[in-house]
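S.K.: here is my input, please return the structure:
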Amino acid sequence: MATKLFDLNGRIALITGASRGIGEATARLLAEQGAHVIISSRKQEDLDKVAASITAAGGKATAIAAHQGESAALKNLMDEVSSQFGRLDILVNNAATNPYFGHISDTDMGMVEKTLQVNIKGYFELSALASKLMKKGGGGSIVNIASINGVKPGTMQGIYSISKAAVINMTLAFAKECGSWKVRVNAVLPGLTDTKFASALTKNEQLLKTVLPQIPLGRMAQPAEIAPAILYLCSDAASYVTGTTLTVDGGFLSGGL
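M.R.: Numbers count the residues shown, from 1 in each chain. Prediction:
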């Protein structure tokens, strides 16, 4: 029985922001475990390359482009999922934006609106749509990718950190109200991860000299090291887990060395 806890054969999984980074790594891992992964991000061409690679490796993948910050695009995405597959078992809310890096008081209000539109409203809309579709299918799992910044705000990352704190609370709210539908809702909180998304941090040598000593494991994560935590929460291994946050940060929030 234990060997089947992470088996996702027959499951339909939607992963947003899946053309690179944590989203791509998650899509590949879920496909390896047997799920038919629906990968989404803004650019169809980038998605097609990832889908082709997953298929070539023996997995099942469908690419559907959608802008996380546009309500109509998200509704069309879910309509397409419902039309093509008739169900949804897993949603990984991963797509996010962090357009501003600087002092919080200098944040342009346009940057604030963009960040909240994608990181909060987008997650909320997809979760609402997905949970209803999951209810019809007898249940499912939603995993929100938050951040350790949602617990401890990152320097020069004010509005992004605020948005991720909201994602953590959103996770709890959906878990509380969707449990009776057999829909589990959890969050993963990655620490510093080597992605293009985090390049403002990972490519800043001066900043890394300050940050890395605060991580007990002494290094940043690779996307493939975040994906297994997501797999766990998606799988039957976490069948009694909902409303929780799973931190994957090399020990940063523990207080460092």
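
S.K.: tell me the pLDDT of Leu201.
M.R.: Leu201 is assigned 69 on the pLDDT scale.

S.K.: from now on call the first residue 16
M.R.: All right, first residue 16 from here; so that's Leu216.

S.K.: list the buried ones in the one helix or strand Lys64 maps to?
M.R.: Lys64 belongs to helix 59-71 when assigned by DSSP states H and E. Buried residues in helix 59-71, counted by 16 or more other CB atoms under 10 Å: Asp61, Leu62, Val65, Ala66, Ile69. Where you see a C-beta, it was placed from the backbone N, CA and C, and this is true even at glycine.

S.K.: which strands or helices does it pack on?
M.R.: helix 36-47, strand 51-55, strand 75-78 (3 or more CB pairs under 8 Å, 6 or more residues apart in numbering; DSSP states H and E).

S.K.: what lines up beside the last one in the sheet?
M.R.: Within its sheet, and counting by DSSP bridges, strand 75-78 is paired with strand 51-55 (parallel).

S.K.: helices of the stretch 166-272 of the chain, start to end?
M.R.: Using DSSP state H, counting those that start in this stretch, the helices found in the stretch 166-272 of the chain span residues 173-193, 214-217, 220-226, 238-249.

S.K.: winner for burial among those?
M.R.: Mean neighbour count, computed with mean count of other CB atoms under 10 Å, is highest for helix 238-249 among those, reaching a mean of 22.

S.K.: could you list every helix and strand in contact with that helix?
M.R.: Looks like helix 238-249 contacts helix 36-47, strand 105-108, strand 155-160, strand 198-205, strand 260-263 (3+ CB pairs under 8 Å, 6+ apart).

S.K.: and of these, who's closest to Met93?
M.R.: Nearest to Met93 among those is strand 105-108; the distance by CB to CB comes to 9.4 Å.

S.K.: residues in contact with that closest one?
M.R.: 23, 26-31, 38, 41, 45, 50, 137-138, 141-142, 145, 149, 155-160, 182, 245, 249 (CB atoms under 8 Å, 6 or more residues apart in numbering).

S.K.: and that strand, how far out from the chain middle?
M.R.: 7 Å (CA atoms, centre = their mean, to the nearest Å).

S.K.: which is the next helix or strand following that strand?
M.R.: helix 124-131.

S.K.: what sits up against that following helix?
M.R.: Residues contacting helix 124-131 (CB under 8 Å, 6+ apart): Gly84, Thr112, Asn113, Pro114, Tyr115, Ile174, Tyr175, Ser178.

S.K.: now with 7 Å, please.
M.R.: With CB atoms under 7 Å, 6 or more residues apart in numbering as the test, helix 124-131 has contacts from Gly84, Thr112, Pro114, Tyr115, Ile174, Tyr175, Ser178.
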